[in-house]
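[1] Fold the following, please.
(chains A and B)
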There are 2 protein chains.
Amino acid sequence: MNAQELALQAKQASRVLALATTQQKNAALSAMAQAVRTAAKDLFAANKLDLQAAEQAVKEGKMKPSLFARLKLDENKLKAVAAGMEDLMHLPDPVGRTLAYTEMAPGLTLQKVSCPLGVLLVIFEARPDVLPQIAALAVKSGNAVILKGGKEALHTNEAFLKVLTGALNSLPGGWPQGALSLVHSRQDAAELLKQDAYIDLVIPRGSNALVQYVKENTSIPVLGHADGVCHIYIAPSAPAALAIKVCVDAKTQYPAACNAVETLLVDAAWPQENVNALLQALAKAGVKCHALEAQKQRFTGCEYAKEINWHTEYGALELSLLTVSGVQEAAAHINRYGSHHTDAVLTQDEKEADYFLSAVDSAGVYHNASTRFADGYRYGFGAEVGISTAKTHARGPVGLEGLTIYKYRLRGQGQIVGDFVGPNAQAFTHKNLLQEDKK
Amino acid sequence: MNAQELALQAKQASRVLALATTQQKNAALSAMAQAVRTAAKDLFAANKLDLQAAEQAVKEGKMKPSLFARLKLDENKLKAVAAGMEDLMHLPDPVGRTLAYTEMAPGLTLQKVSCPLGVLLVIFEARPDVLPQIAALAVKSGNAVILKGGKEALHTNEAFLKVLTGALNSLPGGWPQGALSLVHSRQDAAELLKQDAYIDLVIPRGSNALVQYVKENTSIPVLGHADGVCHIYIAPSAPAALAIKVCVDAKTQYPAACNAVETLLVDAAWPQENVNALLQALAKAGVKCHALEAQKQRFTGCEYAKEINWHTEYGALELSLLTVSGVQEAAAHINRYGSHHTDAVLTQDEKEADYFLSAVDSAGVYHNASTRFADGYRYGFGAEVGISTAKTHARGPVGLEGLTIYKYRLRGQGQIVGDFVGPNAQAFTHKNLLQEDKK
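    Here you go, the predicted model:
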């Protein structure tokens, strides 16, 4: 089956999934979780094949050891996958929610109701637990999904697909063919990116390069983020203890995460003794700091350079430091050099905080908290598809809601537009029926 | 100024506009409306220049007479433009709405708040009232906008731009430079479509060809619709009088509109006498009907062909007729050949209607009403940017809300993620504060 046929089949499956009841979708999730637990041995065996190939690749210098570690499927990861599917069962159905309800005229009502997007294309790299997670999110949101996995995880992905489709096909009433499919090659991915007639959303999960490639090679809407260049601005009134605690957490709690801080903007008016204490704490936590030669006296014990690329995402125990004067300069720097992901201000001045939260154009704008909170689970969404730095559709951590859109259901008794124009025109009432219900 | 500089300037202006208060934005709208009324003579004079050139073009066969008519700015259009701006003043500010409000943990709150998109690029064809309308929508939604007009309306567009920027610059405190700008050439448009670093949304308003061109030549999200192939399915139980009334309105009330019906799907079980009465009514209204030769006996008095292209959008007093058997076949036909714009079912059977409204994958799904209701004003949105057949961001008629997105404001007291992991982890509370407020 070529890419176009695969996409068409997924579209046809999505027509059926759009009509699935909450009960049917939850039964599917339950069966999937059960099947994953039952098939643990097979899944580990398949994963072992990928690990053996990866071990060889690491030896030959063709794969980074960190990638090898991420590829490994263990008991804990498998338990988490099955538990995550069952968690999804308890989340409210994102489909069928009434978002607005209006009487347009007597006997003519307009209902804005959430519905699935249709067909998702998810392109992901080595991690073996992504496939079952995404498959479960697609089931709950009523979408068909085509998955493109990395070839490093080929056996693991194939094994998961077999287990999950087996579970879905064994449901009473079955599950539409093409609702869940998997491809491996770059050629397939390239062809799928052209299927804008059938695919409604692409979600790339992986490196900056992957996201950039996808954006440049498709006219299908893309949800995701390329960079995570997060900032913390330390304002004059920021207490030293608070600043140290938050900055160390934001950098060290998981340095490779997209929401880890990369640049500290330190106000010129923040006391020098606080700066020194912060630098000591960062050094103690193993963080290498970069500063401008011209700001050597302000930031002691750093690596210095004549110029620093303020777009740098270290993704490691490293960060850049810069002196700024005032919240306006801080916000301007962040809007210019940041990635619109998550940025924080540390201050005791509420007005300054309000300005920062309004002026900084990022998906997450934080006052006195670590940037590491940017995460769907922490936000309370229950499940996360990814974090979006786009400005349309969905921004920030994206849960099930980001996999839905809405349609307008208009119900009448034969009304025509001709009755609402001209000299004897009937008037629209535009009465909010949703508020009426709540009263 | 080249396209990149223009886009950068618009981005910088958008940073200021994002902070504008409701009062400031409404004052701008008031000044704009006033300026349009005051400058009526200049605007008509400029429009006359365009009309003279257009007259010549029509004579030479280079322009359709219908385009000439749309180009004309008259007293009524100008009044409507100014009144529309004042209407916008009374609509609620789409920016700064709290969409969700959660306690993540004691002293740590998450507020989802609406904010402007940033920079809009609107590419439109000849109609001279589009520029002031879009400028007003951009002001109210806090967005900067770059407009690309058709060269047929060059003088009128330039005159509107001069009047509107004059009004904005005369405001106390002024208005950011680059918040509203205009280009004319295709070359400029092509260069602007590459400015995905600065432009957040493209809205093409015009022909199918324009929308297709835009979609294929940008990685910026596009909002709009190429086609409007709307259907009405006449189910077995549809009363003849209702079907005739709705179908005639849907085709004839404004045949060139994107929400006019193009294909009638008539159930095989709908009585032949009803079919005959419908065809008579359509003929009387001047509608030319197309049917398959094989269905000659069912649909008398039509133009017949061996095959019909079911994707056809006539945009005129013409439509296609097809016999279908049951609501499932009707929905499948619409999902396959339609443009996901607006489609209606006429039936007395509630279950059949519910199936249609769920199964048909269109922005508007109607029961017993004319497809012509698909319009932002009729839906009660007050103002309309356009109608979207996309599946992401905004679907159907798009009002001010479609020009906004949201950001997450997290407010804490120095909380770090490290406190929420490990053996002594603090728990997230995820308490809905919005509902608490309402109680």
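[2] How is chain A partitioned into domains?
    A:3-216, A:230-379 (automatic domain parsing).
[3] Same list, those, but as CSV with mean neighbour count please.
    All C-beta atoms are positioned from the backbone trio N, CA, C, and that covers glycine. Shown next, in CSV, are those (neighbours: other CB atoms under 10 Å in any protein chain shown):
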stretch, mean neighbour count
domain A:3-216, 19
domain A:230-379, 20
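[4] In a markdown table: these, plus mean pLDDT.
    Shown next, in a markdown table, are the domains of chain A (pLDDT from 0 to 100):
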| stretch | mean pLDDT |
| --- | --- |
| domain A:3-216 | 95 |
| domain A:230-379 | 97 |
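[5] Turn those domains into JSON lines, including distance to A:Gly418.
    Listed next are these as JSON lines, based on distance: least, CB to CB, whole Å:
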{"stretch": "domain A:3-216", "distance to A:Gly418": "13"}
{"stretch": "domain A:230-379", "distance to A:Gly418": "46"}
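[6] Quick one, which of these gets closest to chain B.
    domain A:230-379 (3.3 Å; CB to the nearest CB).
[7] measure the closest one end to end?
    This stretch, domain A:230-379, spans 18 Å end to end (CA to CA, to the nearest Å).
[8] and if you look at stretch A:345-352?
    Counting by CA to CA, you get 9 Å between the two ends of stretch A:345-352.
[9] go on, stretch A:190-208?
    Stretch A:190-208 has an end-to-end distance of 17 Å (criterion: CA to CA).
[10] starting at the chain centroid, how far to it?
    With CA atoms, centre = their mean, to the nearest Å as the basis, stretch A:190-208 stands 15 Å off its chain's centre.
[11] now the domains of chain A as CSV including distance to chain B?
    Shown next, in CSV, are the domains of chain A (distance: least, CB to the nearest CB, whole Å):
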stretch, distance to chain B
domain A:3-216, 4
domain A:230-379, 3
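[12] So which of those domains is nearest B:Leu192?
    Closest approach to B:Leu192 among the domains of chain A (CB to CB): domain A:3-216, 17.3 Å.
[13] Contacts only, for A:Leu6.
    By CB atoms under 8 Å, 6 or more residues apart in numbering or on different chains, A:Leu6 lies in contact with A:146, A:178, A:181, A:183, A:192.
[14] do the same with A:Asn208
    A:226-227, A:313.
[15] Looking at those, which are in helices?
    The helices, defined by DSSP state H, take in nothing from the contacts of A:Asn208.
[16] Out of the contacts of A:Leu6, list just those in helices.
    Judged by DSSP H, those include A:Leu192 as members of helices.
[17] wait, which of the contacts of A:Leu6 is closest to B:Lys431?
    Of all the contacts of A:Leu6, B:Lys431 sits closest to A:Ile146, with 37.8 Å by CB to CB.
[18] Isn't that closest one up against A:Val119?
    Yes. A:Ile146 lies in contact with A:Val119 (CB atoms under 8 Å); the separation is 6.9 Å.
[19] intersection of neighbour lists for those two?
    Taking CB under 8 Å, 6+ apart as the criterion, A:Ile146 and A:Val119 both touch A:7, A:10, A:199.
[20] could I get the residues you listed as a markdown table with secondary structure?
    Output for those, formatted as a markdown table (DSSP: H, G, I helix; E, B strand; the rest coil):
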| residue | secondary structure |
| --- | --- |
| A:Ala7 | helix |
| A:Ala10 | helix |
| A:Ile199 | coil |
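[21] From those residues, pick the one nearest A:Leu67.
    Using CB to CB, the shortest approach to A:Leu67 within the shared contacts of A:Ile146 and A:Val119 belongs to A:Ile199, at 27.7 Å.
[22] wait, doesn't the closest one sit right on A:Val145?
    No. With contacts counted by CB under 8 Å, A:Ile199 stays clear of A:Val145, the gap being 9.9 Å.
[23] Other residues contacting the longest helix that chain A contains?
    Across chain A, the longest stretch assigned as helix under DSSP H is helix A:40-59. In this structure, residues lying in contact with helix A:40-59 by CB under 8 Å, 6+ apart are A:36, A:63-65, A:67-68, A:71-73, A:75, A:78, A:128, A:152-156, A:158-160, A:163.
[24] Let's see which of these end up in helices.
    The helices, defined by DSSP H, take in A:36, A:65, A:67-68, A:71, A:75, A:78, A:154-156, A:158-160, A:163 from the contacts of helix A:40-59.
[25] what helix or strand is A:Arg15 on?
    Using DSSP states H and E, A:Arg15 sits in helix A:3-17.
[26] Pull that helix out as PDB, backbone CA atoms only.
    Extracted C-alpha coordinates of helix A:3-17, given in PDB (Å, rounded to 0.1, in the frame of the first residue of the first chain):
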ATOM      1  CA  ALA A   3       1.300   6.500   1.000                       C
ATOM      2  CA  GLN A   4      -1.800   7.900  -0.700                       C
ATOM      3  CA  GLU A   5      -3.700   4.600  -0.300                       C
ATOM      4  CA  LEU A   6      -2.600   4.500   3.400                       C
ATOM      5  CA  ALA A   7      -3.800   8.100   3.900                       C
ATOM      6  CA  LEU A   8      -7.100   7.500   2.100                       C
ATOM      7  CA  GLN A   9      -7.700   4.400   4.200                       C
ATOM      8  CA  ALA A  10      -7.000   6.400   7.400                       C
ATOM      9  CA  LYS A  11      -9.500   9.000   6.200                       C
ATOM     10  CA  GLN A  12     -12.100   6.400   5.700                       C
ATOM     11  CA  ALA A  13     -11.400   5.000   9.100                       C
ATOM     12  CA  SER A  14     -11.700   8.400  10.600                       C
ATOM     13  CA  ARG A  15     -15.300   8.700   9.400                       C
ATOM     14  CA  VAL A  16     -16.200   5.700  11.500                       C
ATOM     15  CA  LEU A  17     -14.100   6.800  14.500                       C
END
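[27] residues touching the residue most central in space within chain A, list them.
    Closest residue to the average C-alpha location of chain A: A:Gly386 at 1.5 Å, with CA atoms, centre = their mean. Contact analysis of A:Gly386 by CB under 8 Å, 6+ apart lists A:203, A:205, A:223-225, A:397-398.
[28] Ramachandran coordinates for the residue nearest to A:Lys288 when sequence neighbours are not counted?
    Excluding the flanking residues, the one nearest A:Lys288 by CB to CB, 6 or more residues apart in numbering or on different chains is A:Glu318, at 4.6 Å. Backbone torsions of A:Glu318, given as degrees, to the nearest 10, read phi -140, psi 150.
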